[in-house]
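Student: Turn this into a structure:
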Amino acid sequence: MPAAQRVASIILANILLVISIAIFAAGFFPYKAFIPGLATWQPDSRRTSSRPPFDKVVFMVVDALRSDFVYSNTSNFHFTQSLIRDGAAIPFTGHASPPTITMPRVKAITTGSVPSFVDLVLNFAESDTTSTLATQDSWLAQLRAKKTGKLVMYGDDTWLRLFPGFFDREDGTTSFFVSDFTEVDNNVTRNVGPELKNSDWSVMTLHYLGLDHIGHKTGPRGPNMPAKQAEMDGIVQEIYEAMKAEKHLNSALLVLLGDHGMNEGGNHGANSAGEVSTALTFISPKFKAVAGSRDCPATARDDFQFYQTVEQSDIAPSLAALMDFPVPKNNLGVIIHRYCSYGKGLKTGSIFSTKMPGKYGTSSEERSLWNPLAAQARAQGTASTRIEDEKAVQNFLYEAQSVLSGTASNYDTTKLLVGSALALLSFVLAGTTFYLSATPPSALTASIFALLTGLYAVTMFASSYVEEEHQFWYWYSGFYILLLFFKASRFTNPLRSASSSSKTPLLQPTLNQKSAKSMSKQRRSLFPSLDPSPRARLALFLLLTSLTKRLRQTGQKHSGSPHDLLTSLLQPNPTLLWILILATYTLYSRRLSSRASVRWLKSTSPTIGAIPVLVVMSTLVFKVAFTAADAPELVDDVIVLKPLLALVRGYPLVKLARLAFVGLAQMLGCAIWYEKPWAGRAELTGFVEALSEIGGLALMMQTRASYLVVYLAWELGVGLLLNMDAQQVHRKEDVNTSKQNSVQQSSPSSTTTSRSLTTPAPVLGPHEITVLSILLQQSSFFALGGTNAISTVDLSNAYNALPATMSPSSAY
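Tutor: Sure thing, here's the model as predicted:
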């Protein structure tokens, strides 16, 4: 295939791939229609003249409040547990349907609907306004329209984005500063006491983020978790005692709940038992007269199911029953049975049949459930206020809830098929280019690539394989490296000659000889006396990749398991961890210094090489200072860091981060200026190498300290692979040259014949490098703790160099 045609095919394949993903996503994330406007009482509904049980609600959301954090015998919610035992609190386990992240769950809690997975993406767009609920019905909108009091809100600013202009008093904080355990909650608590003294509000929403942040940083068993639970329990006690002491709070209801839970790794977003099981407790002194005592705390359970389990969407209609307002129009929840009066149940059924006449066919299961209820209502007359068949009502409501919830998963199959077809076409174009290139792959490499593609495609059809995808990449990469090892075994280990020191690196074939020699020395400078054979190089590389795979347990099955290198070795021994981290920064420093001295300014002056050292030092200083604030247990006992900690302690992290970013930007400018990537292929190769080293430092700034050892392992691995093929070529040439000299002494005319035997097959050709790169890219993603679940997105470094936590805009 001509070169121009290959380039055109690759460009077209990439364009088609982007288009196919966009079309497929449009079909996979369908728009969920909703009924606009607010629900109202039906004209023929008979309103009672009695006052509702409650006229105020304190809605206290503790982010990631898993059910066992409140109900189990390992909990520090001691006061809340005493209320459950006394009957003043009614506990439930709230089921949070995935995606278990804040924005979709707040939507479900307030509207009673089932959010779309599009909200998973919108949850990260802090400036997004398309996901607002300003025009949708919710219990907040109903109480606002009821005009019985003001609405106030303190905490996660997700509520302010969802309900713009709803709250008369507000103080929002961002939910992505996960390194902040204290101030983010103090900003909420400082408003609680004054608001409890005010009588002008009907809704007070509190959303605490500290417990979620602790989970992200240290997991559900972290050292800060018990104290945070006790702190939240203290807020419950303060509110409950005010409800008893303040006259205007005598008819107030406190709802304590989590928007989602967390898994054993401290993350959330997927559908594991810990992520979907939340605490949900209704608290009021009035419940003592109607609710019985319950045993609490309960024995911890692996399924996190305590007491009765209800859907989070059931909160909206239950509040409607307790505070006497119409059920929101888009509600799919069912009134929690304990709060359901049968008269309201009949009225809700009448509204349902009015809103959706003839929805079900005569043979449908839903119609078979509804018909007896409708017949019974007609027999009792319109004045009836009760349906005796409580079980039939509940069965119908739950069945209708299941059917209507399924509409959120109605995919656009046409778009899915079109997107899949375009993706297949892109694959065919790319595959054709791969196999019909100017230097086609060997039969072995072609077969390995085809097997890789086929097996990966098959595994994606099973959700269990998707959850444990890392296993596929780990095993396949190990298998491929072993194949390369056996391929390298075909080479002999002949005598070396002095000329081998000038061999050209494999990944820099177009550099001039002087530059190539200098860069080769950079890669081997840590072990100048060693020049291992290809088999030894591959064996060491396989060992390094195996260690990175064992660094952190990932996937769903073993998430949070203590049986990995990070949990069992590095974190308990922070000195060892920081020795490896310092080695990583030293490696980058030597590489950049050598490049600045040799390739950029063609100088051996130590002054020139010191400039990259200062930049690397600035990134290291920031990492140490950030870790001291973020995970002090990793630095406090490390003796070699104490002088550095004393120097930077108290210095603003924002300034340290900005200093490091400025230094990296200057290094990038030098790389562009001196490498001149536009001048030719050799210069472009040099620029890509420099960009890789500078980009590596930038990524290390955005990576948790515990994972920095992965960078060391991969850099050493790349150093082992470089020059491997060239080394074999030169060794072959050395042997053949020796043989050729012997032959020339006896027959000079045989020189040409002898030279024709000196062309070995390389271990790592372009196609082998392509396959190996794919495998290592995928494996490194999982080695750094990533999975296919949104719950593993690490936000610990989300706001480096930003000075404020109130809003991103305040940084400018």
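
Student: what comes into contact with stretch 439-459?
Tutor: For stretch 439-459, the external contacting residues (CB atoms under 8 Å, 6 or more residues apart in numbering) are 427, 431, 434-435, 465-466, 469, 472, 476, 480, 483, 487, 765-768, 771, 774-775. Where you see a C-beta, it was placed from the backbone N, CA and C, and this is true even at glycine.

Student: So which bits of that stretch are buried?
Tutor: Taking 16 or more other CB atoms under 10 Å as the neighbour-count basis, stretch 439-459 is seen to contain the buried residues 441, 445-446, 448-449, 452, 456.

Student: ok, these vs Thr40, which is closest?
Tutor: Tyr456 (54.1 Å; CB to CB).

Student: Could you tell me how far that closest one is located from Ser463?
Tutor: When distances are taken as CB to CB, to the nearest Å, Tyr456 and Ser463 turn out to be 15 Å apart.

Student: now Asp55
Tutor: If you go by CB to CB, the gap between Asp55 and Ser463 works out to 46 Å.

Student: same question, Phe449
Tutor: 26 Å.

Student: re the thing from before, quick check: strands, which of the contacts of stretch 439-459 are part of them?
Tutor: Of the positions in these, not one sits in strands, assigned by DSSP state E.

Student: Just the buried ones among the residues you listed, please.
Tutor: The buried subset of the contacts of stretch 439-459 (16+ other CB under 10 Å) comprises 427, 431, 434, 466, 469, 472, 476, 480, 483, 487, 767-768, 771, 774-775.

Student: just to revisit the earlier point, could you save the buried residues of stretch 439-459 as a markdown table and add columns showing secondary structure, pLDDT and distance to Met204?
Tutor: Compiled in a markdown table, these are given as follows (DSSP: H, G, I helix; E, B strand; the rest coil; pLDDT from 0 to 100; distance: CB to CB, whole Å):
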| residue | secondary structure | pLDDT | distance to Met204 |
| --- | --- | --- | --- |
| Pro441 | coil | 75 | 66 |
| Thr445 | helix | 81 | 65 |
| Ala446 | helix | 81 | 66 |
| Ile448 | helix | 86 | 62 |
| Phe449 | helix | 84 | 60 |
| Leu452 | helix | 88 | 56 |
| Tyr456 | helix | 90 | 51 |
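
Student: out of these, who's nearest Phe59?
Tutor: Among these, Tyr456 lies closest to Phe59 (CB to CB), at 45.7 Å.

Student: Pull up the gap between the closest one and Tyr465, please.
Tutor: Relative to Tyr465, Tyr456 is positioned 10 Å away (criterion: CB to CB).

Student: Determine the residues that are contacts of both of those two.
Tutor: What both Tyr456 and Tyr465 touch, as defined by CB under 8 Å, 6+ apart, is the set Phe472.

Student: out of the buried ones among the contacts of stretch 439-459, which are inside helices?
Tutor: Counting by DSSP state H, the part of the buried ones among the contacts of stretch 439-459 found in helices is 427, 431, 434, 466, 469, 472, 476, 480, 483, 487, 767-768, 771, 774-775.

Student: farthest pair in these?
Tutor: Val466 and Lys487 (31.9 Å).

Student: Give me the phi and psi for Val638.
Tutor: Reported as degrees, to the nearest 10, the phi and psi values for Val638 are phi -90, psi 110.

Student: thought it was touching Ile579?
Tutor: No. Val638 is not in contact with Ile579 according to CB atoms under 8 Å; the separation is 9.1 Å.

Student: quick one, which of the two is more surrounded?
Tutor: When Val638 and Ile579 are compared on other CB atoms under 10 Å, the one with more neighbours turns out to be Val638, at 20 against 14.

Student: mind listing what the more buried one touches?
Tutor: Counting by CB under 8 Å, 6+ apart, Val638 has contacts 574-575, 578.

Student: and if you look at Arg649?
Tutor: With contacts defined as CB under 8 Å, 6+ apart, the neighbours of Arg649 are 625, 628.

Student: how much space between it and Ala657?
Tutor: 16 Å.

Student: again, but for Thr80
Tutor: For Thr80, the distance to Ala657 (CB to CB) stands at 40 Å.

Student: The two: which is more packed in?
Tutor: Comparing Thr80 with Ala657 by neighbour count (other CB under 10 Å), the higher total belongs to Thr80, at 28 against 23.

Student: shouldn't that one be in contact with Gly234?
Tutor: No. In terms of CB under 8 Å, Thr80 does not count as a neighbour of Gly234; the distance is 10.2 Å.

Student: Show the residue spans covered by the helices in the stretch 101-250 of the chain.
Tutor: For the stretch 101-250 of the chain, helices defined by DSSP state H, counting those that start in this stretch occupy the ranges 102-111, 118-122, 139-146, 158-162, 183-197, 210-218, 225-245.

Student: Tell me which of these is the most buried.
Tutor: Of all these, helix 102-111 carries the top mean neighbour count, a mean of 26, counting by mean count of other CB atoms under 10 Å.

Student: which secondary structure elements does that one contact?
Tutor: Contact analysis of helix 102-111 by 3 or more CB pairs under 8 Å, 6 or more residues apart in numbering; DSSP states H and E lists helix 118-122, helix 139-146, helix 158-162, helix 315-323 as its packing neighbours.

Student: Fine by me, we can end here.
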